[in-house]
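Visitor: Fold the stuff below for me.
(4 chains)
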There are 2 protein chains.
Amino acid sequence: MNADTRSRIVTTAMDLFWEKGFQSTSVADILSRSQVHSGSLYHFFPGKQDVLAAVLEAYRDGIEEWLLKPAWGQVDDPIARIFALLDGYRAQLVATDCFYGCPIGSLALELHEPDPPIRALLCANFANWTAAIERCLVAAAERLPASLDRRRLAEFTLTVMEGAVMQARTYRDIASFDRNIAVLREHFEMLTETADAERVPA
Amino acid sequence: MNADTRSRIVTTAMDLFWEKGFQSTSVADILSRSQVHSGSLYHFFPGKQDVLAAVLEAYRDGIEEWLLKPAWGQVDDPIARIFALLDGYRAQLVATDCFYGCPIGSLALELHEPDPPIRALLCANFANWTAAIERCLVAAAERLPASLDRRRLAEFTLTVMEGAVMQARTYRDIASFDRNIAVLREHFEMLTETADAERVPA
DNA sequence: AAGCGACTTGATTGATCGTTCAACTCGGCC
DNA sequence: GGCCGAGTTGAACGATCAATCAAGTCGCTT
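Guide: Okay, here's the model as predicted:
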């Protein structure tokens, strides 16, 4: 029951930072919900910032198991996988009445001058997410224009997801999210049509 | 010197909320920078939340003069105006070394459970921004597909801007912003090409 | 010139913040 | 059996927080 005191702190902090953000979550909040005493927390972590770092590391290391595997279990087509991933964020919004969105995005905008290690972890989370999308785009290369900048489109997909989550949360309306994803889908369709056209040139 | 005590509080709070966010800005921060004493602030505002409301009202009421007019002074073409507006956010990022982005977006993600009036003001800011873009799209209707959902594309433009600002700030790299806007531009180009094609059908 | 009300001053409040620390428990090792 | 050190306990700390308020200033009205 001691090795998982640390992990209980981290998972509790993940929940609380997701629900209330970093600043609005007090150390006392983490302690009471995780049933841990302050001395124990400060035994494992030098301070609150380091709990945040551990949370961001957990997200970074859990992207495969907690984000990609659940979304891609039933889906093989690479482009379908991209939208299945986005649908996971949709499900999260719906499950919380559009209260909570992407935890990384919220933290990224909340922390105005994050310590370098914290910012590096935020970047790592974004980069891993983008890399997963890019792998899908590579797998779907034959359906997309040959000249397509895949990394750029993967980055754009993250951009649209984060922006769409932000608006859905602000409007408290999942329809806003759906409309944004629909436009992204049409963007992909225009790209595949372009690829079709260039494959039969003469 | 009394009527503008209130406005000095509001403009100072605008700056501070932009720089540090709402929670990280203390009332004492606002007081010291604006050279106002606490009693005066609490004479005009019941509390800190109401300063935030006043800030959001100022943004909402100032969108024409402070956002659109500067960006559109030299630009007439409606689609060029959309990207001129986005370029304004780019300039803000560059001027602050990618530290500060869209104040509304930052507040929207920072306040996890905003009071209803605060959330309504965030929505109003987003809605006004989107409406300005939609007016451009209506003005450019003949270059775009007839069936285009203009409100949806305007909403999408906001989505891309907010997501792009988030990433540029996180990566501290304006190139990320530029790549995202480039993809949006290509989206617009594909739409205008579609419109060209449907105008010469036979 | 007297009085009123809008506005200012700044010390002070109690709550809450992140953090510290001395005392304690307890399993494993010599 | 005695010791050590990892982990726990929870009271306490100083700092900072948003907010209060009694006293005071000043311009305007009558």
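Visitor: Now do the helices in chain A.
Guide: A:3-20, A:27-34, A:38-44, A:48-62, A:69-72, A:78-95, A:103-110, A:116-139, A:150-171, A:174-199 (DSSP state H).
Visitor: how about the closest residue in space to A:Met14 that isn't next to it in sequence, what does it touch?
Guide: Excluding the flanking residues, the one nearest A:Met14 by Cβ to Cβ, 6 or more residues apart in numbering or on different chains is A:Val55, at 5.1 Å. C-beta here means a position set from N, CA and C on the backbone, and glycine is covered the same way. Contact analysis of A:Val55 by Cβ atoms under 8 Å, 6 or more residues apart in numbering or on different chains lists A:10, A:13-14, A:17.
Visitor: Could you export the helices of chain A as CSV, including distance to DNA strand C?
Guide: Formatted as CSV, the helices of chain A follow (distance: least, Cβ to the nearest atom of the strand, whole Å):
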stretch, distance to DNA strand C
helix A:3-20, 10
helix A:27-34, 4
helix A:38-44, 3
helix A:48-62, 4
helix A:69-72, 31
helix A:78-95, 25
helix A:103-110, 13
helix A:116-139, 13
helix A:150-171, 23
helix A:174-199, 31
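Visitor: Among the ones you listed, which comes closest to DNA strand D?
Guide: In terms of Cβ to the nearest atom of the strand, the element of the helices of chain A nearest to DNA strand D is helix A:38-44, at 1.9 Å.
Visitor: count of residues packed around the residue lying closest to A:His187 once chain neighbours are set aside?
Guide: Nearest residue to A:His187, sequence neighbours excluded (Cβ to Cβ, 6+ apart): B:His187, at 5.4 Å. Other residues near B:His187 come to 20 when the count uses other Cβ atoms under 10 Å in any protein chain shown.
Visitor: What does the pLDDT read for B:His187?
Guide: On the pLDDT scale, B:His187 is placed at 98.
Visitor: Surely it is in contact with A:Phe188?
Guide: No - the pair B:His187 / A:Phe188 is not scored as a contact, 10.5 Å apart, by Cβ atoms under 8 Å.
Visitor: contacting residues for A:Ala146?
Guide: Counted by Cβ under 8 Å, 6+ apart, A:Ala146 has contacts A:195, A:198.
Visitor: Tell me, what's the model's pLDDT at it?
Guide: 94.
Visitor: what's the answer for A:Asp196, then?
Guide: 84.
Visitor: Tell me who's in contact with it.
Guide: Applying Cβ under 8 Å, 6+ apart, no residues contact A:Asp196.
Visitor: do A:Leu184 as well
Guide: A:86, A:157, A:160, B:156.
Visitor: just curious, which of the contacts of A:Val55 is nearest to A:Gly73?
Guide: Nearest to A:Gly73 among these: A:Met14, at 22.1 Å, using Cβ to Cβ.
Visitor: The closest one touches A:Ala54, doesn't it?
Guide: No - A:Met14 is beyond contact range of A:Ala54, at 9.2 Å (criterion: Cβ under 8 Å).
Visitor: Report the two of the contacts of A:Leu184 separated the most.
Guide: A:Leu86 and B:Phe156 (13.9 Å).
Visitor: Of the two, give the one with the bigger neighbour count.
Guide: B:Phe156 (27 against 22).
Visitor: tell me, how many neighbours does the closest residue to that one other than its chain neighbours end up with?
Guide: Nearest non-adjacent residue to B:Phe156, counting by Cβ to Cβ, 6+ apart: A:Val183, 4.3 Å away. By other Cβ under 10 Å, 19 other residues sit near A:Val183.
Visitor: confidence score at A:Val183?
Guide: 98.
Visitor: The one 10 residues further on now?
Guide: Looking at A:Glu193, its pLDDT stands at 94.
Visitor: Repeat that for A:Asp15.
Guide: 98.
Visitor: Contacts only, for the nearest residue to it once chain neighbours are set aside.
Guide: Distance criterion Cβ to Cβ, 6+ apart; nearest residue to A:Asp15, sequence neighbours excluded, is A:Arg33 at 7.6 Å. Counting by Cβ under 8 Å, 6+ apart, A:Arg33 makes contact with A:12, A:15-16.
Visitor: would you turn the residues you listed into CSV with neighbour count and distance to DNA strand D?
Guide: As requested, the contacts of A:Arg33 are exported to CSV (neighbours: other Cβ atoms under 10 Å in any protein chain shown; distance: Cβ to the nearest atom of the strand, whole Å):
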residue, neighbour count, distance to DNA strand D
A:Thr12, 21, 14
A:Asp15, 17, 19
A:Leu16, 20, 19
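Visitor: The residue most central in space within chain A and A:Met161, how far apart?
Guide: In chain A, the C-alpha nearest the mean C-alpha coordinate belongs to A:Cys102, at 5.1 Å (Cα atoms, centre = their mean). For A:Cys102, the distance to A:Met161 (Cβ to Cβ, to the nearest Å) stands at 7 Å.
Visitor: overlap in contacts of the two?
Guide: Counting by Cβ under 8 Å, 6+ apart, the residues touching both A:Cys102 and A:Met161 are A:Tyr89.
Visitor: Any idea how many residues pack against the nearest residue to A:Glu57 once chain neighbours are set aside?
Guide: Spatial nearest neighbour of A:Glu57, excluding adjacent residues (Cβ to Cβ, 6+ apart): A:Leu121 at 6.4 Å. By other Cβ under 10 Å, 22 other residues sit near A:Leu121.
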